[in-house]
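# The following comprises the amino acid sequence and a computationally predicted model.
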Amino acid sequence: RSTDRSQPMDIQAGHQSGSVDYSQPTTLSDGVKIDQGTLHIDADRAVISFRNGEASQAVLTGNQAVLKQQMDDGSPMTATADRIDYDMLADVVVLTGNYTVTTQRGSTSGQRLTYNLKSGQVDSGGQDGGRVKMRILPKSQRTQN
Amino acid sequence: MSGNWRVFLTIALLLGALVSGWSVWRNHAALVAPADDAGRSDYVLHDYEIIALDKDGKEAFTLLGPLLRETPGKKTMEMETPLFLIPDPKGLHWTVQSKNGWVSEDREHIRLTGNVRAIGPRNQPQQPAKIASQQLNVYPKTKLATAPGAVTITQPGSILRGHGLAVNLANKQYELESQVRARYVRSPR
């Protein structure tokens, strides 16, 4: 949801390290869970960069990293990929490496997809993102899950 | 990942002040048993207040408490409910207190145990930063600090919990070994 960004963010991890002055990224590992409103992220590892003391970018990797969120219309969206780059200042998520995005309307998969959390805009393929596979479910088969 | 992540900067500033202040005090304090002292050097201080000055004559830290003594027969130091007052760069004071304090013979290891509480300067508009654990080790010479068990660090905009904190003030690296739980609250944009 677009309101997620204003919610508290809860993070769990098995290990955390970094630099006390945030000149270098913070690394979370050994099972990372991030929750913020309806946004839920599961990954093996997260590397978080900072600007002016605030987290500005997170690179999440896993086998695979999973990002779940409720759309503003209440329907669920699940994205999985080998790597998820989350630009917190621009509210843009880039999925790379065997991504799959599943929503009520169907699913799309490929090697690179950009998803704007604010506008809901999705761009896939291009920039050698490779071929995109998309499955759009007929209205009758769309389940409210 | 909004919210105030400056948690470890807070810790480093506090520990840095304690480490540098202690190093200066260690070199000058009459309470430090000379290395080659052949005889006994027992002392007991009741309701003491020690103001350690840095090389510029400014307060490095203040140490108060009901009892400070050299361990009989050893050159280690023991303190009951020590209270450290440590000035931050603006001259506002952190308080660091615990049930017990112990200092090694070479004065290069300070160990605080039992309800260790570090609380940031209070006359700030927001809530002061707080660090809580059951043990805090500070090693001035190597500029290391560790909190082996559970540690909780709270400050406006964030709460961070974990187990096994280690901070290296020399290379500015920190580590939380396990069970990391954090909550960050976005500061208004």
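Arrived safely, thanks for sending.

# What about the nearest residue to residue A:114 once chain neighbours are set aside, how many residues nearby?
Leaving out its chain neighbours, the residue that sits closest to residue A:114 by Cβ to Cβ, 6 or more residues apart in numbering or on different chains is residue A:123, at 4.5 Å. For every residue, glycine as well, the C-beta is placed using N, CA and C. A count of neighbours around residue A:123, defined by other Cβ atoms under 10 Å in any protein chain shown, yields 14.

# Please apply the same query to residue B:99.
For residue B:99, the count of nearby residues is 14 (other Cβ under 10 Å).

# One more: the one 5 residues further on?
Using other Cβ under 10 Å, residue B:104 has 14 neighbouring residues.

# helix/strand/coil for the residue nearest to residue A:114?
When classified by DSSP: H, G, I helix; E, B strand; the rest coil, residue A:123 comes out as strand.

# Helices of chain B, start to end?
Counting by DSSP state H, chain B has helices at residues B:7-28.

# Which secondary structure element of it has the lowest mean pLDDT?
For chain B, counting by mean pLDDT, DSSP states H and E, helix B:7-28 ranks last in confidence among helices and strands (a mean of 72).

# Same check on chain A?
For chain A, using mean pLDDT, DSSP H and E, the weakest element among its helices and strands is strand A:133-136, scoring a mean of 68.

# Around chain B, which positions in chain A sit nearby?
Within chain A, the positions near chain B by Cβ under 8 Å from any Cβ of the partner chain are A:5-23, A:26, A:28, A:30, A:34, A:36, A:48, A:50, A:53-55, A:58, A:86, A:88.

# In strands, which of these appear?
The strands, defined by DSSP state E, take in A:9-13, A:15-19, A:26, A:28, A:34, A:36, A:48, A:50, A:54-55, A:58, A:86 from these.

# Just the buried subset of these, please.
A:9, A:11-13, A:15-19, A:26, A:28, A:34, A:36, A:48, A:50, A:54-55, A:58, A:86 (16 or more other Cβ atoms under 10 Å in any protein chain shown).

# Can you give me every residue that contacts residue A:42?
The neighbours of residue A:42, taking Cβ atoms under 8 Å, 6 or more residues apart in numbering or on different chains as the test, are A:32, A:33, A:62, A:65, A:66.

# now with 7 Å?
A:33, A:62, A:65, A:66 (Cβ atoms under 7 Å, 6 or more residues apart in numbering or on different chains).

# Among these, name the buried ones.
A:62, A:65, A:66.

# so which of these comes closest to residue B:170?
Distance to residue B:170, by Cβ to Cβ, is smallest for residue A:62 among these, at 33.2 Å.

# roughly how far apart are that closest one and residue A:48?
15 Å (Cβ to Cβ, to the nearest Å).

# quick check: mean pLDDT across stretch B:79-90?
Averaged over stretch B:79-90, pLDDT sits at 89.

# Quick check: buried residues in that stretch?
Residues of stretch B:79-90 classed as buried: B:79, B:82, B:83, B:84, B:85, B:86, B:87 (neighbour count, 16+ other Cβ under 10 Å).

# Which of these sits closest to residue A:114?
Using Cβ to Cβ, residue B:86 comes nearest to residue A:114 of the buried residues of stretch B:79-90, at 48.0 Å.

# Next up, the contacts around the closest one.
Residue B:86 touches B:14, B:17, B:18, B:21, B:61, B:93, B:94, B:96, counting by Cβ under 7 Å, 6+ apart.

# switch the cut-off to 6 Å
B:17, B:18, B:61, B:94 (Cβ atoms under 6 Å, 6 or more residues apart in numbering or on different chains).

# Let's have those in a markdown table, adding distance to chain A and neighbour count.
Formatted as a markdown table, the contacts of residue B:86 follow (distance: Cβ to the nearest Cβ, whole Å; neighbours: other Cβ atoms under 10 Å in any protein chain shown):
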| residue | distance to chain A | neighbour count |
| --- | --- | --- |
| B:17 | 13 | 21 |
| B:18 | 14 | 23 |
| B:61 | 20 | 23 |
| B:94 | 16 | 24 |
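
# I'd like to know how far residue A:101 sits from chain B.
Counting by Cβ to the nearest Cβ, to the nearest Å, the gap from residue A:101 to chain B is 21 Å.

# where are the low-confidence patches of chain B?
B:1-6, B:24-41, B:123-124, B:186-189 (pLDDT under 70).

# Apply 50 and report the result again.
Chain B contains residues with pLDDT under 50 at B:1-2, B:30, B:32-39, B:189.

# give me the beta-bridge partners of residue A:87?
Applying DSSP bridges to residue A:87 gives these bridge partners: residue A:57, residue A:92.

# So it is in contact with residue A:59, correct?
No - counting by Cβ atoms under 6 Å, residue A:87 stays clear of residue A:59, with 10.1 Å between them.

# Kindly report the domain assignment for chain B.
Listed domain ranges for chain B are B:1-32, B:44-184 (source: automatic domain parsing).
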